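K.L.:
no sequence for this one, just the structure:
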């Protein structure tokens, strides 16, 4: 009897590419057009997205190079040998805290959006709890299964999104994209910062490179994995500007969903296209949250070195739920997002510092 191709518990380069794209495309794409409309003029926000994408691809490339140094081991074990175990505990603990906050933010975001568009009379606490339990169930299985779940869902998300963007052409006023290049450089840099924040998540390459069949191809997967969201972000942003105008876009909470509401499919056999878009985006955020929880559990176990995976999963759930319920209003939720974004930059800075140390010690391959 022949063995199945996937029996070796290793992923291909394309699967890691999809994993990175799945982490980068999350809640941010639903709100980024509004944020950029507030920080840039006219349709110049696309410049900020492209510059931010270039920065993110460069960082992801170097993170992948660093991850390739311990492709046969673990992040915690390699860092311990590089800069002593206490420092490794601090670095890995920081990553644990970052992804815990990241996971809590995704859980709360999906609850807020669901309450706005679907369950207007259901308390946010209940929606968050149900979604968290579903994510917990998914993470209780194998890690390799999570990555392949991305491979299953990601094409559906991309195809439906492309179709919605295609059919939106009839409602876009392309003249509203003018004038071009009128934003001050300082404003563009603010937009770059906001755009980079929306692309965070590619740090998962630090923990999934070891699961590749060919770890030396991780940098390629990282760059392509970030490039896909950049292209999608630019397209959605420009179409939102052309549909709502830059001035109206500033007042729309979730422009991408509102865009889906405006789309008219020929024949009108589907009257509520936003339901389709929202459904597939729940799948997308589910993948993102599942991988974030997997990293939380993996880093916690790496530091302590004891316990069963399922015990750690059950243990972190109450913590994640309490953090997700901490913001009491939209303003506090936005502040939470900013804190997570800055925490992501701190984590990235620490890892890049470790990469420099590894190079200096000649520990690279």
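P.N.:
Done, it's in. Note that the coordinates shown come from a computational prediction; the quantities given were computed from them, not determined experimentally.

K.L.:
Identify all contacting residues around the least confident helix or strand in the chain by mean pLDDT.
P.N.:
Taking mean pLDDT, DSSP states H and E as the measure, helix 255-262 is the helix or strand of the chain with the lowest mean score, a mean of 84. Applying C-beta atoms under 8 Å, 6 or more residues apart in numbering, the set of residues contacting helix 255-262 from outside is 29-31, 33-34, 113, 117, 164, 168, 171, 236, 239-240, 243-244, 249, 252, 272-274, 276-278, 281. Just so you know, the C-beta spots here come from the backbone N, C-alpha and C atoms, and that holds for glycine as well.

K.L.:
next one: stretch 297-317
P.N.:
Outside stretch 297-317, the residues that reach it (C-beta under 8 Å, 6+ apart) are 74-77, 89, 92-93, 95-96, 99-100, 132, 136, 139-140, 143, 207, 293, 296.

K.L.:
and it, how far out from the chain's middle?
P.N.:
Here the centre of stretch 297-317 is set off from its chain's centre by 22 Å, with C-alpha atoms, centre = their mean, to the nearest Å.

K.L.:
Any chance you could list what contacts stretch 333-344?
P.N.:
Defining contact as C-beta under 8 Å, 6+ apart, one finds that stretch 333-344 is touched by 94, 97-98, 101-102, 104-105, 108-109, 112, 196-197, 200, 203, 326-327.

K.L.:
Among these, which ones are in helices?
P.N.:
Applying DSSP state H to the contacts of stretch 333-344, the entries found in helices are 94, 97-98, 101-102, 104-105, 108-109, 112, 196-197.

K.L.:
Got the phi and psi for residue 55?
P.N.:
Main-chain dihedrals, residue 55, degrees, to the nearest 10: phi -60, psi -50.

K.L.:
which residues in this protein form helices?
P.N.:
Using DSSP H, helices in the chain cover 13-24, 28-39, 45-67, 75-83, 85-117, 124-139, 143-167, 185-199, 205-208, 218-249, 255-262, 273-304, 309-324, 330-361.

K.L.:
and residue 178, which of those is closest to it?
P.N.:
Distance to residue 178, taken as C-beta to C-beta, is lowest for helix 218-249 among the helices of the chain, at 10.2 Å.

K.L.:
Give me the mean pLDDT for the closest one.
P.N.:
The pLDDT scores in helix 218-249 average 92.

K.L.:
Stretch 142-155 now?
P.N.:
86.

K.L.:
circling back: okay if I get the helices of the chain as TSV plus distance to residue 178 and mean neighbour count?
P.N.:
TSV is the format used below for these (distance: least, C-beta to C-beta, whole Å; neighbours: other C-beta atoms under 10 Å):
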stretch	distance to residue 178	mean neighbour count
helix 13-24	30	25
helix 28-39	15	24
helix 45-67	13	22
helix 75-83	48	20
helix 85-117	32	21
helix 124-139	40	18
helix 143-167	20	17
helix 185-199	17	20
helix 205-208	39	24
helix 218-249	10	22
helix 255-262	19	21
helix 273-304	28	21
helix 309-324	42	16
helix 330-361	30	15
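
K.L.:
got the ones in helices among the contacts of stretch 333-344 as CSV, with pLDDT and distance to residue 319 columns?
P.N.:
Formatted as CSV, the ones in helices among the contacts of stretch 333-344 follow (pLDDT from 0 to 100; distance: C-beta to C-beta, whole Å):
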residue, pLDDT, distance to residue 319
94, 95, 16
97, 95, 10
98, 95, 14
101, 95, 10
102, 94, 13
104, 95, 8
105, 93, 14
108, 92, 14
109, 90, 18
112, 88, 20
196, 89, 27
197, 86, 23
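
K.L.:
between the least confident helix or strand of the chain and helix 143-167, how big is the angle?
P.N.:
50 degrees (axes from the mean of the first three to the mean of the last three C-alpha atoms, to 10 degrees).

K.L.:
Make sure residue 59 is actually in contact with residue 349.
P.N.:
No: contact between residue 59 and residue 349 fails when scored by C-beta atoms under 8 Å: they sit 9.8 Å apart.

K.L.:
My guess is residue 31 contacts residue 254. True?
P.N.:
Yes: between residue 31 and residue 254 a contact is recorded at 6.2 Å, counting by C-beta under 8 Å.

K.L.:
what sits against the closest residue to residue 347 other than its chain neighbours?
P.N.:
The spatial neighbour of residue 347 that comes closest, neighbours along the chain excluded (C-beta to C-beta, 6 or more residues apart in numbering), is residue 98 at 5.0 Å. Going by C-beta under 8 Å, 6+ apart, residue 98 touches 203, 340, 343-344, 346-347.

K.L.:
If we use 10 Å, what do you get?
P.N.:
Residues near residue 98 by C-beta atoms under 10 Å, 6 or more residues apart in numbering: 200, 203, 292, 295-296, 299, 340, 342-348.

K.L.:
So residue 262 versus residue 35, what's the distance?
P.N.:
Taking C-beta to C-beta, to the nearest Å as the measure, residue 262 falls 20 Å from residue 35.
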